[in-house]
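Engineer: Give me the fold of what follows.
(2 chains)
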Amino acid sequence: MLAAKNLKKKYQDDGSETQALCGISFEIRKGEFVAVMGPSGSGKSTLLHLMGFLDRPTGGSYSFFGRNIDDLTDAELAAIRNDEMGFIFQDFNLLGKSTVFENVELPLLYCERTPPRKRKEAVEKAIASVGLAEKSNVEAGKLSGGQKQRVAIARALVNNPNVIFADEPTGNLDSLSGGQVMNILRKLNDAGHTVILVTHETYTAEFAERLIRLKDGRLESDAPVKYRRGTEQFVK
Amino acid sequence: MRFHDAFKSAIKSVQHSKMRSFLTILGIVIGVASVIILMSVGQSAQDYILNQVKGVGSNLVFVIPGGTSGSKFAAPASSRGVIIKTLTSLDVDALKREPTIAAVSPLVNGQATIAYGNNNNSIPYQGVAADFFPMRGFGVSSGRIFTSSDVGSSNRIVLIGQTVAKTLFGDVTPLGKFVRLGNIPFQVVGVLENKGVGPGGIDQNNMAIVPITVAQNQLLGITYYNYLLVEANDAYNIDFVTSRVKTVLRQNHHITDPAKDDFTVETQADILSILGNITSVMTIFLTAIASISLLVGGIGIMNIMLVSVIERTREIGLRKAVGATTADILKQFLTEATLLTLMGGVIGIGLGALVTFGAYLIIAKGLAVDWTFVLPLDAVLLGAGVSILTGIVFGFYPARQAAKKSPIEALHYE
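Structural biologist: Residues are numbered from 1 along each chain as shown, chains lettered A, B, ... in the order given. Below is the predicted model of the structure:
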């Protein structure tokens, strides 16, 4: 379970302070597909960074399957990110001059429990699962936007994580590619992965089963999605 | 992150920016090559000089006028330009009576113009006794050497080196011809064998040798000697002979306190030791200067690595997001810097060896000097070691800068 209690985040920059999160509480159970929505500046990306152990809160508490962020060192946070989390970013964050294989392999380079001989198998399986087996040796920078995001998804699931964090995964994609990406996320959720999706697009959020709305750093609503979209219904 | 993965990652990074990598390591290449060249050429020069001295003969003792300050490496006063007249024929006669000594040859040195027809040249000359030739292993390629009778009769005869013969006579045989040395006519009786540079730094092909009596009385107008060459009797240990030479000279010069010796006695081993030390110090000094370029190269590496860290901020953020720790990033960038400098070191060693070999071909083959090609193992190890150390030292700061970036700040870097 992911549990946030009165979670706060304040940024300080050149003497000015910005309160990005003003005390948010919620719980997310294993296997849920949760969308976090809100307008620009609402704090949704900040929340995802805290949930994904990419940043530390300035107030309140947050625990990831029983482990409180405040009790963990940076190295322990890195190990949990590597072992139990997968990240998908809006702008893909691929190594453009490296091949698809090398990009997907990246998390495994830091994974002590996956011996080098098992890496190849895991990487090929992840690439095949997003339908890019034939692009394995192509430089990531030469792929289309949709293909790049699928590579990012393969990278996110190569270590078979408990939770996948997706930050505006369809933001830079056309309808067709966006649909493909959302279908993959939906299938991953169906396979048992917890998926936490940050988006400002309602039609993307409606792929989730639960919708958390934020506004000005506060929780506006937290409710199930009334009309959940099917896997073929992605239209921008 | 395993070292193997960090190494593979570093190789890929170098491959992705070949030109930049090449320019980055250029400073290290030049630095290491300079160190290799100076150490190798220095070693060759040292070997060459020491071989020349060894060629003089290990059973020879040199007596030089003037004492030293007592320090092992202090030069005798005469070598500092002070004219000392203490070595005379009385010393030679006394030494010749000593049973531990097989032969004694006094020497004087001078510089004069040698002329034949319209050709002339300023050359060093030596005045020697007849014993000098067998003692120093000097022979002639044509003509004859002096006899004791030539020296005793003050015959105006001269032996000239190969270069002198070529300069003055071209292809004509000089034997029997009269040349003017210091405006005094001398008959050429022989041309010396081809010899290199002697222990005193004199090109032995570009000099003349005359009987010592003629040199003293007619060319220089002196009664003392510049130094004595003493050959030990093979039946005696060289150190014992040295002590006997000192005892005889002290008796002759009425010296009771060895600290007040007005002469210096040196063996070939002493000279080898001094020359070895001098050439070693020179090599170290020059290598130290060359090492400055390694420092400059290292700063270049640091500069480029810092730029690379800034350019790759998002990559660092991504790596941290997927599980890289601070230590992993530090290891990756440090490996990259070290790989670059090691490559620079290897190329530098190769380049240095190539230049050294080129120098060997020019000096040994082109100039016909007895020069050897030496690539000292310690120079190679030093070059490789210093290049790795440069990578670690100058790569650490940029790697540290990369490692301490927060993952989220790095991911959002524009």
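Engineer: And the helices in chain A?
Structural biologist: A:44-51, A:74-84, A:100-109, A:116-129, A:145-157, A:175-190, A:202-205 (DSSP state H).
Engineer: wait, what's in contact with residue 91?
Structural biologist: With no chain named, the answer covers chain A. residue A:172 (CB atoms under 8 Å, 6 or more residues apart in numbering or on different chains). In this view, the C-beta of every residue, glycine as well, is placed from N, C-alpha and C.
Engineer: hmm, I had chain B in mind actually
Structural biologist: B:63, B:225, B:228, B:248-249, B:252.
Engineer: so residue B:104, which of the three states?
Structural biologist: Under DSSP: H, G, I helix; E, B strand; the rest coil, residue B:104 falls in the strand class.
Engineer: Just give the nearest non-adjacent residue to the closest residue to chain B within chain A, would you?
Structural biologist: Per CB to the nearest CB, residue A:82 is where chain A lies closest to chain B, at 2.3 Å. Leaving out its chain neighbours, the residue that sits closest to residue A:82 by CB to CB, 6 or more residues apart in numbering or on different chains is residue B:323, at 2.3 Å.
Engineer: what's the helix or strand for residue B:266?
Structural biologist: strand B:263-267 (DSSP states H and E).
Engineer: just how off-centre is that strand within its chain?
Structural biologist: Distance, stretch centre to chain centre, for strand B:263-267: 22 Å (CA atoms, centre = their mean, to the nearest Å).
Engineer: residues contacting residue A:65?
Structural biologist: Counting by CB under 8 Å, 6+ apart, residue A:65 touches A:1-2, A:30, A:84, A:162.
Engineer: Next one: it from residue A:111, what distance?
Structural biologist: From residue A:65 across to residue A:111, the span is 18 Å (CB to CB, to the nearest Å).
Engineer: can you tell me how far the spatially closest residue to residue B:296 that is not a sequence neighbour sits from chain A?
Structural biologist: Leaving out its chain neighbours, the residue that sits closest to residue B:296 by CB to CB, 6+ apart is residue B:27, at 5.6 Å. Here the distance between residue B:27 and chain A works out to 25 Å (CB to the nearest CB, to the nearest Å).
Engineer: Report the secondary structure state of the residue of chain B found nearest chain A.
Structural biologist: Relative to chain A, the nearest point of chain B is residue B:323 (2.3 Å; CB to the nearest CB). Here residue B:323 is recorded as coil under three-state DSSP.
Engineer: Could you do the one 5 residues further on as well?
Structural biologist: Each residue gets one of three states, and residue B:328 gets helix by three-state DSSP.
Engineer: Please name the bridge partners of the nearest residue to residue A:64 once chain neighbours are set aside.
Structural biologist: Nearest non-adjacent residue to residue A:64, counting by CB to CB, 6+ apart: residue A:2, 5.7 Å away. Going by DSSP bridges, residue A:2 is paired in beta bridges with residue A:28, residue A:64.
Engineer: Can you report how many residues lie near residue A:2?
Structural biologist: Neighbours of residue A:2 under the rule other CB atoms under 10 Å in any protein chain shown: 20.
Engineer: same check, this time on residue B:10
Structural biologist: 20.
Engineer: Double-check it against residue B:332; I have them as touching.
Structural biologist: Yes. Counting by CB atoms under 8 Å, residue B:10 touches residue B:332, with 7.1 Å between them.
Engineer: before we move on, back to that, redo the helices of chain A as a markdown table? Include mean neighbour count and mean pLDDT.
Structural biologist: Output for the helices of chain A, formatted as a markdown table (neighbours: other CB atoms under 10 Å in any protein chain shown; pLDDT from 0 to 100):
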| stretch | mean neighbour count | mean pLDDT |
| --- | --- | --- |
| helix A:44-51 | 24 | 93 |
| helix A:74-84 | 20 | 93 |
| helix A:100-109 | 25 | 94 |
| helix A:116-129 | 16 | 89 |
| helix A:145-157 | 25 | 91 |
| helix A:175-190 | 19 | 86 |
| helix A:202-205 | 19 | 86 |
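Engineer: Kindly reformat those helices as a markdown table and extend each row with distance to residue B:43.
Structural biologist: What follows is the helices of chain A, written out as a markdown table (distance: least, CB to CB, whole Å):
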| stretch | distance to residue B:43 |
| --- | --- |
| helix A:44-51 | 61 |
| helix A:74-84 | 49 |
| helix A:100-109 | 45 |
| helix A:116-129 | 45 |
| helix A:145-157 | 55 |
| helix A:175-190 | 66 |
| helix A:202-205 | 73 |
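Engineer: wait, which of the ones you listed is closest to residue B:258?
Structural biologist: Among the helices of chain A, the nearest to residue B:258 by CB to CB is helix A:74-84 (72.6 Å).
Engineer: Hey, what's the angle from the closest one to helix A:100-109? Just curious.
Structural biologist: 130 degrees (axes from the mean of the first three to the mean of the last three CA atoms, to 10 degrees).
Engineer: Return the list of helices and strands in contact with helix A:74-84.
Structural biologist: Under the contact definition 3 or more CB pairs under 8 Å, 6 or more residues apart in numbering or on different chains; DSSP states H and E, helix A:74-84 sits against helix B:326-360.
Engineer: picking up where we left off before, which of the contacts of residue A:65 sit farthest apart?
Structural biologist: Comparing every pair within the contacts of residue A:65 by CB to CB identifies A:1 and A:84 as the most remote, at 12.8 Å.
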